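Novice: Quick one, fold the following:
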Amino acid sequence: MNGQFRRYLLVSAIALGFDYASLFALVAAGVRQWTGAALAYCGGALVHYLLSRRFVFARGWLHARPVGEFGAFAASGVLGLAITACVVFLVTEVAGMTLALGKTLAVGASFFSVYLVRRALVFRPQRGTRAQRAGP
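Specialist: The predicted structure follows:
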């Protein structure tokens, strides 16, 4: 396992903690489970972006344009959002199983595909430069 993937895994764990805490807070406040899952995913995605940009990925082709970079990051997160909402909906609303199981399956289903998209497209190195990790 390379250093970038380990850092991405750590950042993902932190963002997932935020995601889970938000999800259960939203559900406790009366939001439907699958809607809460989608909203919590969005909050986790923002946390993930900020940490990924600082600690995981190289200063890539969009680094000088953070609004565009965040837009590309968010667009790549649509894949994970769709997977998360669909899996949680199917597990909880259709199959009648627990929210915890639905969220866990959704995490597994979305993690690798979103990482690959972000590595290859969102944070790809600038042409003619060697990839170097962002941050300290």
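
Novice: Spell out which helix or strand contains the residue nearest the centre of the chain, please.
Specialist: The residue lying closest to the centre of the chain (C-alpha atoms, centre = their mean) is Ala45, at 4.6 Å. Element membership of Ala45, judged by DSSP states H and E, is helix 33-55.

Novice: Show the secondary-structure elements that that helix is packed against.
Specialist: Contact analysis of helix 33-55 by 3 or more C-beta pairs under 8 Å, 6 or more residues apart in numbering; DSSP states H and E lists helix 3-28, helix 66-88, helix 99-117 as its packing neighbours. Backbone N, C-alpha and C define where each C-beta goes, glycine included.

Novice: Now tabulate those in JSON lines and tack on mean pLDDT and mean neighbour count.
Specialist: Listed next are these as JSON lines, based on pLDDT from 0 to 100; neighbours: other C-beta atoms under 10 Å:
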{"stretch": "helix 3-28", "mean pLDDT": "94", "mean neighbour count": "16"}
{"stretch": "helix 66-88", "mean pLDDT": "90", "mean neighbour count": "18"}
{"stretch": "helix 99-117", "mean pLDDT": "89", "mean neighbour count": "17"}
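
Novice: Out of these, which is closest to Arg59?
Specialist: For Arg59, the closest of the helices and strands packed on helix 33-55 is helix 66-88, at 9.9 Å, according to C-beta to C-beta.
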